[in-house]
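**Q** need the 3D shape of this:
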Amino acid sequence: MRIYLLLCLLAGLSCSLIGPGLAAQEPVQLDIESQELTAGRKVFTELGPGLRAMREGSDGRIYLLVSPQPGVLEYEANFKPVMQIGAALSAYAGVKTRPAAIVFGEDCDVDVDGNIYVADRGANAILVFSKEGTQLRSIPVTAPTSLAAIGEGEVAVATLHESHLVTVFDKNGRDVREFGDPEPISDRDDLNRYLSAGLLATDAQGHLYYAFPFMPEPTIRQYDRFGFSGQEIQYTSIDILQVSQAARKEIARQEKRREPPYLKRNLTALTTDRVSGEVWIALHNKLMHFDKNGNRSATYILFTPEGGRLEATSILVNPQHILVGNEALGVYEFVRPDKAGKIKTEK
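**A** Model prediction:
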């Protein structure tokens, strides 16, 4: 399949593949121009470096995970701080502080009841907190890298070491199902598992999205909460060809070496508009918007208000705005160009 797609790219052709269980896969597109998108302002200005994740609750509140400290920060939709869970931060007036032993949080999410989930890679555990910030349970998981709350108290977890891509734990912390297989790109099983490490996101329709950050061609796979696969989005436009070729050369080089694999991410962030089911991904400072059917509708090049390049390591999208986070620079707010505002075409 992948060889076929690359041959199409080299020939300048448009190609689309529909495999078992796949509703759609993006064809090669040459007619979508990248557009410059400049942030209106920086938000959460009190934050230091270490941003790992941004999530939004069903009530519109925003949750930031900053590691190694202070941990989880909860804000109202207008960016007013409400609660912090973890190590102490300079106190805000009226902000609840809930001490918690979060060693190094890698990802977080919040369910419809307001319960907060943290993938604590430093503690090899999934920590679950009530909406008031009280720790409810700790689920032992080796090296969790991403998670998503999927309803009825269940949480889907991605790791670096399990044989399947996703492990689902119930509200009592029991392993109830596993699904998804690593992609067989290399002859080395450990390299294939590393390449298949993923980022997770959900939408209000109950879909689970698994993104492959290290794949040569950025790929997002959709599942339902029980592990049945739906559509797959694979970005194969001509502008990614050089990056994909370089990634494959590096994979081939590491395949020959008997050292632990190490690769740079091609896909750096994933989120969904939970209401519409639209998917947004970041390839460093390039933000891509896919509709609910997996068709790419827009590509944006991200800049700070001062005109600097903004590489996204986390994204949050709702009908009002786009929040783009960078681990070192912090969080910036953008007007959604598909809803309002002006943008200019990249030269």
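
**Q** tell me what the spatially most central residue of the chain is bridged to.
**A** The chain has residue 270 as the residue nearest its centroid, 3.0 Å off, counting by Cα atoms, centre = their mean. Beta-bridge pairing of residue 270 under DSSP bridges involves residue 281.

**Q** go ahead and confirm residue 154 touches residue 168.
**A** Yes - in this structure, residue 154 is within contact of residue 168 by Cβ atoms under 8 Å, at 5.6 Å. Placement of C-beta: from N, CA and C, glycine included.

**Q** okay, and the common contacts of these two?
**A** 176, 225 (Cβ atoms under 8 Å, 6 or more residues apart in numbering).

**Q** show me which of the two is the more surrounded one.
**A** Higher neighbour count among residue 154 and residue 168: residue 168, with 21 against 16, using other Cβ atoms under 10 Å.

**Q** output the lowest mean pLDDT helix or strand found in the chain.
**A** Here the helix or strand of the chain ranked lowest by mean pLDDT, DSSP states H and E is helix 2-11, holding a mean of 39.

**Q** same for the helix or strand just after that helix, what does it pack against?
**A** Going down the chain from helix 2-11, the next helix or strand is strand 34-38, by DSSP states H and E. Contacts defined by 3 or more Cβ pairs under 8 Å, 6 or more residues apart in numbering; DSSP states H and E place strand 34-38 against strand 296-303, strand 344-345.

**Q** could you tell me the least trusted of those strands?
**A** Note on the helices and strands packed on strand 34-38: strand 344-345 shows the lowest mean pLDDT, a mean of 42.

**Q** on that earlier part again, pick the most buried one from the helices and strands packed on strand 34-38.
**A** The highest mean neighbour count among the helices and strands packed on strand 34-38, using mean count of other Cβ atoms under 10 Å, belongs to strand 296-303: a mean of 19.

**Q** what ranges does the protein have for its helices?
**A** With helices called from DSSP state H, the chain shows them at 2-11, 189-195, 241-256.

**Q** how far does the shortest one sit from the chain's center?
**A** If I follow you right, that is helix 189-195. Put simply, helix 189-195 sits 19 Å off its chain's centre (Cα atoms, centre = their mean, to the nearest Å).

**Q** what residues sit buried inside it?
**A** Across helix 189-195, burial judged by 16 or more other Cβ atoms under 10 Å covers 191, 192, 193, 194, 195.

**Q** format those as TSV; extra columns: distance to residue 263 and pLDDT.
**A** What follows is the buried residues of helix 189-195, written out as TSV (distance: Cβ to Cβ, whole Å; pLDDT from 0 to 100):
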residue	distance to residue 263	pLDDT
191	9	93
192	12	93
193	12	93
194	7	93
195	7	94
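
**Q** which one of these is nearest to residue 252?
**A** Comparing the buried residues of helix 189-195 against residue 252 with Cβ to Cβ places residue 191 closest, at 10.2 Å.

**Q** quick one: the strands in the stretch 101-250 of the chain, in order.
**A** Counting by DSSP state E, counting those that start in this stretch, the stretch 101-250 of the chain has strands at residues 105-110, 116-120, 125-129, 135-140, 144-151, 154-159, 166-169, 175-179, 199-202, 207-212, 219-224, 229-234.

**Q** mean pLDDT and distance to residue 68 for those - can I get that in TSV?
**A** Shown next, in TSV, are these (pLDDT from 0 to 100; distance: least, Cβ to Cβ, whole Å):
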stretch	mean pLDDT	distance to residue 68
strand 105-110	98	8
strand 116-120	98	10
strand 125-129	98	14
strand 135-140	97	18
strand 144-151	96	16
strand 154-159	97	20
strand 166-169	98	24
strand 175-179	97	27
strand 199-202	97	20
strand 207-212	96	24
strand 219-224	95	29
strand 229-234	90	33
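
**Q** out of those, which one sits most buried?
**A** strand 116-120 (a mean of 28).

**Q** same for that strand, what does it pack against?
**A** When contacts are defined as 3+ Cβ pairs under 8 Å, 6+ apart, strand 116-120 packs onto strand 71-75, strand 105-110, strand 125-129, strand 144-151.
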